[in-house]
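*Asks:* okay, predicted coordinates and the sequence, questions at the end:
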Amino acid sequence: MGTTQLETVPEPKYWHLKTVLSEALDSEFTVGEILPNERDLAARFGVARATLRQALEQLELEGRLQRRRGVGTTVAPPRMGVAVGSAQGSWPGAPGDAWQPADCAPAVPPADVARMLETLPDEQAHVIRRTRVSNGQPVAAELLYVPMSSVAELTGMDAPSGAARARVVLRELARLTLEGQDRAVELGSARADDAKALDRLPGAPVLLVTTRFLAEGGTAAVSVATYRADTCRLTFGDSGSVEIHHGPEHDAS
């Protein structure tokens, strides 16, 4: 990596530094290679470490870098496409759904989720934890909130807890006639539990996809899925489904 000092430019210094670093990633580094530490990089480019951090954070957000716990900052692998979420007209857990259930337990949903579910502030719901893995690495973690009323026939005898309980709840949910879905996407920061599940650092950029599943004139379930922003680029197809693209040259379903 060169040692030329940055010249004065009209754009923010961190943005110009990001461009210089991106060119260096293309020409001087290989996938998985660990970058020099911040002190060395800042010295080589004659910038403050705060400026360097801004540039590195932007490159991480763009999927060029990954910050790995206990390893450091590495060059991110090429992106490849995988389908995200259920197709229109399908419940979570339907055939072809790549999410893997990990756990299920009753809990009070967050206030914003409770409002979407139209449940009481202290009313519990089934909370299903699911994960998504692509090419051996975790790419997404999901919390699926299912009101007790959506699976009223379910009893504790069907399956007490864990992944087995999750599958039973999903099976009962699928008995309802799905009337539609709506989604919202926003940029956020990884909470501690999401960061651990996704092998990221707390506060790392993530994409939050919230999906409402509609049945019987109301909201039958709400999914809050957290995707790694360093590996995922979300687009909406003609069907309204969301896809992750790990690279323009690979669009797998």
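*Replies:* Received, thanks. Being a predicted model, the structure only gives us computed values, none of them experimental. Numbering: from 1, shown residues only.

*Asks:* show me what the helix or strand harbouring residue 44 is packed against.
*Replies:* In the assignment (DSSP states H and E), residue 44 maps to helix 38-45. Judged by 3 or more C-beta pairs under 8 Å, 6 or more residues apart in numbering; DSSP states H and E, helix 38-45 is in contact with helix 49-61. Any C-beta I mention is one placed from the backbone N, CA and C, and that applies to glycine too.

*Asks:* next, the buried residues of the helix it packs on.
*Replies:* The neighbour-count check on helix 49-61 (16 or more other C-beta atoms under 10 Å) flags 51, 52, 54, 55, 56, 57, 58, 59, 60 as buried.

*Asks:* got the angle for that helix vs helix 38-45?
*Replies:* Counting by axes from the mean of the first three to the mean of the last three C-alpha atoms, to 10 degrees, helix 49-61 lies at 100 degrees to helix 38-45.

*Asks:* chain center to helix 49-61, what's the gap?
*Replies:* 20 Å (C-alpha atoms, centre = their mean, to the nearest Å).

*Asks:* what's the answer for stretch 70-77, then?
*Replies:* How far stretch 70-77 lies from its chain's middle: 18 Å, per C-alpha atoms, centre = their mean.

*Asks:* now that stretch: mean pLDDT?
*Replies:* Averaging pLDDT along stretch 70-77 yields 84.

*Asks:* again with stretch 49-63
*Replies:* Rounded mean pLDDT across stretch 49-63 is 87.

*Asks:* show me what it is in contact with.
*Replies:* 13-15, 17-18, 21-22, 25, 38-39, 41-42, 45, 65-67, 73, 76, 79, 204-205, 229-233 (C-beta atoms under 8 Å, 6 or more residues apart in numbering).
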